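Student: how would this look folded up:
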Amino acid sequence: MKPYKLHKDLKLGVASASTQIEGDINNNSFYEFSLIKGRIKDDSTPFVGNQHYKLYREDIELMSKMHIEIYRMSIEWSRLESKEGEFDEAVMQHYIDEISLLNEKGISVLITLHHFSNPIWFEKKGAFTKSQNIDYFLDYVEYFAQHIKGKANDFCTINEPNIYAMSSYFLGKWPPAKKSLKLARVVAHNLAISHIEAYRILHREIPECHVGFANHFVYLAPKSSHNIFDKMEAFLMRYLFQDAIMKAMTQGKRTRLLGSLKQDKGKYYDFIGINYYMRNEVHKFDVKPGEKGEKNDLGWEIYPEGLRLLCQKLHKQYGGDIYITENGICDAKDKIRPHYIYSHVKAISDLDYVKRYYHWTFIDNWEWLEGQTAKFGLVDLNYETQERTIRKSGELYTELIDNHAFTSEMINKYFS
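Tutor: All right, here's what the predicted structure looks like:
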């Protein structure tokens, strides 16, 4: 291990999602889904969460103590519009207060407008399986933009559209638990349109804003670099999982997978958002973590070089700024996380077009199908007492921010 410096424009922060942290949630698709026995690993629901909706001041104070520079958060649509067409002004004021406090503490905010969960009324209408439902989402985006102008300039319209479409409508593991390739394609198609139109709304309401979306990228490699079939299959998997939807959402381009969007071709991004966690190998159309690499608690293969290679590829294709909108590790004992941070930040430390790195996540949270069992946080959470404790990796992250470098002293301190 060697010391390294970060390029001068790279900012470091943390990310979270409202359904996973806010608590007292009982009106969205994931809460309803979590009530079905056996769906969630520990049968927990997002109702407990981190109680962040009540404790956001304490959490922001903790972020400030850790010298966090940037924070990616999401808005809970099911709170803001719990009934169709009825926006709750008190909830809107809550988010204005939270964002204002973050601004006061010098923490820049990136706001995600859709992070997997839907209001129950929207889910019952078929959510994004129907093109006419896109207008409901856009009404929500417009309302929020009109009320937040002057308080925030950076927006992520949709988080991981590829994961949402695949997990909910192809694999059937997430609500509404459908298994249909046709539906998955329709949903991905409609999400692309939703992003493009949301991009236009945000720029109309807040002309100086920066808008993008966060796509989930896996470093998909052939199991054998000498096997032509493995190489072809890896290429096809990359196209189906992440490349096709990327072209559609960023440029409004027709793809064989999603078809024509009937939108004007253009540039519908001000940054490229990358969520990256792992490498998978492809062989005989089977996708699995590599056998040789180190694994996290969920069995995902750790491959920091994949983050660098993805950034280089996407910058070459699309240009402009790149934000690492999520990168982190499930590591309950906090043994691997310090080195994970060291290696992944190092991978992008000299790429001057990578402007932001958001660690997933700030505090342990309700991790979808894993419930409360998956520990991704720089801060440990006791769900019963709601006590927050900064982990060793959290202390390391603060020093990395303060030094804007990984120093020899840090290496000696954390890896002796």
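Student: Check the secondary structure at the residue nearest to Tyr136 when sequence neighbours are not counted for me.
Tutor: Once flanking residues are discounted, Tyr136 sits nearest to Phe122: 5.9 Å by CB to CB, 6 or more residues apart in numbering. Yep, even glycine has a C-beta here, placed from its N, CA and C like the rest. What DSSP: H, G, I helix; E, B strand; the rest coil gives for Phe122 is helix.
Student: quick one, what contacts Phe122?
Tutor: Applying CB atoms under 8 Å, 6 or more residues apart in numbering, one finds that Phe122 lies in contact with Trp77, Glu84, Asn133, Tyr136, Phe137.
Student: Make sure the fourth one is indeed in a helix.
Tutor: Spelled out, that is Tyr136. Yes. Counting by three-state DSSP, Tyr136 is located in a helix.
Student: can you pull the contacts of it?
Tutor: Glu84, Phe122, Lys125.
Student: go on, Phe116?
Tutor: Ala17, Thr19, Phe30, Asn159, Glu160, Ile163, Tyr164, Trp174, Trp368.
Student: can we see that at 7 Å?
Tutor: Thr19, Phe30, Asn159, Tyr164 (CB atoms under 7 Å, 6 or more residues apart in numbering).
Student: Which strands or helices does the helix or strand encompassing Lys355 pack on?
Tutor: Element membership of Lys355 [criterion: DSSP states H and E] is strand 354-360. Packing partners of strand 354-360 (3 or more CB pairs under 7 Å, 6 or more residues apart in numbering; DSSP states H and E): strand 11-15, strand 70-74, strand 322-327, helix 337-348.
Student: The second one pairs with which strands, parallel or anti?
Tutor: Looking back up the chat, that one is strand 70-74. strand 11-15 (parallel), strand 108-114 (parallel) (DSSP bridges).
Student: The residue sitting furthest away from the middle of the chain and Ala152: what is the separation?
Tutor: Distance from the centre of the chain peaks at His226, with 33.9 Å (CA atoms, centre = their mean). According to CB to CB, to the nearest Å, His226 and Ala152 sit 50 Å apart.
Student: same check, this time on Ala347
Tutor: 29 Å.
Student: ditto for Ser194
Tutor: Computed as CB to CB, the Ser194 to Ala152 distance reads 20 Å.
Student: Also Ile401?
Tutor: Taking CB to CB, one finds Ile401 at 22 Å from Ala152.
Student: quick one, which of those two is more surrounded?
Tutor: Ala152 (22 against 16; other CB atoms under 10 Å).
Student: Identify the residues contacting the more buried one.
Tutor: Counting by CB under 7 Å, 6+ apart, Ala152 has contacts Ile99, Val109, Ile111.
Student: and the second one, what are its bridge partners?
Tutor: Beta bridges link Val109 to Tyr71 when assigned by DSSP bridges.
Student: Tell me who's in contact with it.
Tutor: Tyr71, Met73, Ile99, Leu102, Ala152, Asp154.
Student: Which of the helices or strands spans the third one?
Tutor: It stands for Ile99. helix 89-104.
Student: Distance from the helix or strand that Arg200 is a member of to the middle of the chain?
Tutor: Assigned by DSSP H and E, Arg200 belongs to helix 181-205. For helix 181-205, the distance from its own C-alpha centre to the chain's C-alpha centre is 17 Å (CA atoms, centre = their mean, to the nearest Å).
Student: before we move on, what about stretch 76-92?
Tutor: 22 Å.
Student: With stretch 134-141 instead?
Tutor: The mean C-alpha position of stretch 134-141 is separated from the chain mean by 20 Å, CA atoms, centre = their mean.
Student: Could you export it as PDB, CA atoms only?
Tutor: Backbone C-alpha positions of stretch 134-141 (Å, rounded to 0.1, in the frame of the first residue of the first chain) are rendered in PDB as follows:
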ATOM      1  CA  ILE A 134     -45.600   8.800 -16.500                       C
ATOM      2  CA  ASP A 135     -47.600  12.100 -16.100                       C
ATOM      3  CA  TYR A 136     -48.100  11.300 -12.400                       C
ATOM      4  CA  PHE A 137     -44.400  11.100 -11.900                       C
ATOM      5  CA  LEU A 138     -43.800  14.300 -13.800                       C
ATOM      6  CA  ASP A 139     -46.500  16.100 -11.800                       C
ATOM      7  CA  TYR A 140     -44.500  15.100  -8.700                       C
ATOM      8  CA  VAL A 141     -41.200  16.300 -10.200                       C
END
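Student: Please work out the average pLDDT along it.
Tutor: Averaged over stretch 134-141, pLDDT sits at 98.
Student: Show me what counts as buried in it.
Tutor: Of the residues in stretch 134-141, Ile134, Tyr136, Phe137, Leu138, Tyr140, Val141 count as buried by neighbour count, 16 or more other CB atoms under 10 Å.
Student: report the angle between the axes of the host helix or strand of Tyr276 and helix 337-348?
Tutor: Using DSSP H and E, Tyr276 sits within strand 272-283. Per axes from the mean of the first three to the mean of the last three CA atoms, to 10 degrees, the angle that strand 272-283 makes with helix 337-348 is 110 degrees.
Student: Low-confidence bits of the stretch 201-350 of the chain, can you list those?
Tutor: Applying pLDDT under 70 to the stretch 201-350 of the chain flags no residue at all.
Student: now the helices: where do they sit in it?
Tutor: 228-238, 244-251, 304-318, 337-348 (DSSP state H, counting those that start in this stretch).
Student: of those helices, which approaches Asp43 most closely?
Tutor: Evaluated over these, closeness to Asp43 peaks at helix 337-348, with 26.7 Å, by CB to CB.
Student: name the helices or strands packed onto that closest one?
Tutor: helix 304-318, strand 354-360, helix 392-403.
Student: rerun that using 10 Å as the cut-off
Tutor: Other helices and strands packing on helix 337-348, by 3 or more CB pairs under 10 Å, 6 or more residues apart in numbering; DSSP states H and E, are strand 4-5, strand 272-283, helix 304-318, strand 322-327, strand 354-360, helix 392-403, strand 405-406, helix 408-414.
Student: Also compute the angle for the fifth one relative to strand 108-114, please.
Tutor: When the same axes, to 10 degrees is applied, the directions of strand 354-360 and strand 108-114 differ by 70 degrees.
Student: quick one: strand 354-360 to strand 322-327, angle?
Tutor: 10 degrees.
Student: Run me through the strand neighbours of strand 354-360, direction for each.
Tutor: strand 11-15 (parallel), strand 322-327 (parallel).
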